[in-house]
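**Q** From the sequence below, what's the structure:
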Amino acid sequence: MAAIVDHGDRSSADADQRARFGAAREPRVFCTRTADGDFPYEFYGLSPIEGDVVERHGSVTTYATATSLGADELVALVRANSESDAEPMVAIHQQTGALLAYTDRVLWWTKVPGQEHPLVQQTSFEGDDGRRWHWQNEIFRDVDESGKTYDWEAWVCVAEPTPTLWTPAYTARSEKQRRSTRARNSYQARMRGYGTLNAGADQVDPFDIYERAQWICQLCHCAMDSAVEWPDPWSATLDHIRPVAEGGAHTAENLQAAHWVCNIRKGDAWGPGGAQPSS
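**A** This is a model prediction of the structure:
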């Protein structure tokens, strides 16, 4: 029985997150949410603990430690091939009785009822009713209260595997980073055009500047529509109060919201400017 190791990239939690999520808690039931929820599955922390129940679209998996099940040979196998104090977990599929033993992303052992050889390494199998089942390490990427990334991972038995999913909070943070990086890169490209290489620039989310201005153009003092996107002349843009041509910094203090057409009309002028759009 050799371990099957997943060598894929992993967004592991840091020490603080592991300590917080590793604090003692009562077992919980994690269900599939209704269709009108913002995320389809309930979860908490980094992975299931002993006594947890995970339901995915009617398929139910429960969790126990190998020690609590009296699986001494399995415990010895894992500890002989990994950490001396490793505690393998066993996922138990309620519909079929199939078992899977693991530590983190390492799958050590599976058992499918009714097979001639009870100890196999099999993540896809057919139940007594002829239905096909799959063991899957589901991964949900989320952010904690401080905005730090972590992954929930759980071996679950399901009829239809699902891809790695991002929570709305993680998606929003990723979009925020993408906007900030794109604005920063644009500024640095302009500075290179003026002969300054590797210009320093803050990570500033344009939406933070627009929200600060309450989506009012600081040049024409008219409302900006968040649904209007570049290259529409009336899309929202960042204007550098001290112009880039004069070494204006890419900082929140030197940035203001402006319609693209107003920004163009202002050009390299200093200050908020007073360009008024013509109707």
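**Q** Only C-alpha atoms from now on, for both contacts and neighbour counts.
**A** OK.
**Q** Packing partners of the host helix or strand of A169?
**A** Using DSSP states H and E, A169 maps to helix 168-193. Applying 3 or more CA pairs under 8 Å, 6 or more residues apart in numbering; DSSP states H and E, we find helix 168-193 packed against strand 132-143, helix 206-212.
**Q** So which of those is the most surrounded?
**A** Among the helices and strands packed on helix 168-193, strand 132-143 has the highest mean neighbour count (mean count of other CA atoms under 10 Å), at a mean of 19.
**Q** and K111, which of the helices and strands packed on helix 168-193 is closest to it?
**A** Smallest distance to K111 across those (CA to CA): 11.2 Å, for strand 132-143.
**Q** Sheet partners, orientation included, of that closest one?
**A** According to DSSP bridges, strand 132-143 has the following sheet partners: strand 124-126 (antiparallel), strand 149-158 (antiparallel), strand 165-166 (parallel).
**Q** same question for the second one, mean pLDDT?
**A** Translated: strand 149-158. Mean pLDDT, computed over strand 149-158, is 95.
**Q** Can you tell me what sits against that strand?
**A** 11-13, 17, 43-48, 54, 56-57, 59-61, 91, 93, 133-144, 170 (CA atoms under 8 Å, 6 or more residues apart in numbering).
**Q** If we use 6 Å, what do you get?
**A** Applying CA atoms under 6 Å, 6 or more residues apart in numbering, the contact partners of strand 149-158 are 12-13, 46-47, 59, 61, 133-143.
**Q** How far off centre is stretch 59-75?
**A** A distance of 29 Å separates the centroid of the chain from that of stretch 59-75, by CA atoms, centre = their mean, to the nearest Å.
**Q** Pull that stretch out as CSV, backbone CA atoms only.
**A** Coordinates of each C-alpha in stretch 59-75 appear next as CSV, following Å, rounded to 0.1, in the frame of the first residue of the first chain:
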residue,chain,number,x,y,z
SER,A,59,-24.3,12.2,-1.2
VAL,A,60,-23.1,12.0,2.4
THR,A,61,-19.6,11.6,3.7
THR,A,62,-18.6,11.4,7.4
TYR,A,63,-15.2,11.6,9.0
ALA,A,64,-13.4,9.7,11.8
THR,A,65,-9.8,9.2,12.8
ALA,A,66,-8.2,5.9,11.9
THR,A,67,-7.3,5.5,15.6
SER,A,68,-11.0,5.9,16.7
LEU,A,69,-11.9,3.1,14.2
GLY,A,70,-9.3,0.8,15.6
ALA,A,71,-7.4,0.7,12.2
ASP,A,72,-4.0,0.2,13.9
GLU,A,73,-2.4,-1.3,10.8
LEU,A,74,-3.3,1.8,8.8
VAL,A,75,-2.0,4.1,11.5
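**Q** Could you pull out the helices in the stretch 1-150 of the chain for me?
**A** For the stretch 1-150 of the chain, the helices defined by DSSP state H, counting those that start in this stretch occupy 15-21, 72-81.
**Q** closest one to T65 among those helices?
**A** Across the helices of the stretch 1-150 of the chain, the minimum distance to T65, taken as CA to CA, is reached by helix 72-81, at 9.4 Å.
**Q** list the helices and strands that closest one packs on?
**A** Other helices and strands packing on helix 72-81, by 3 or more CA pairs under 6 Å, 6 or more residues apart in numbering; DSSP states H and E, are absent; none qualifies.
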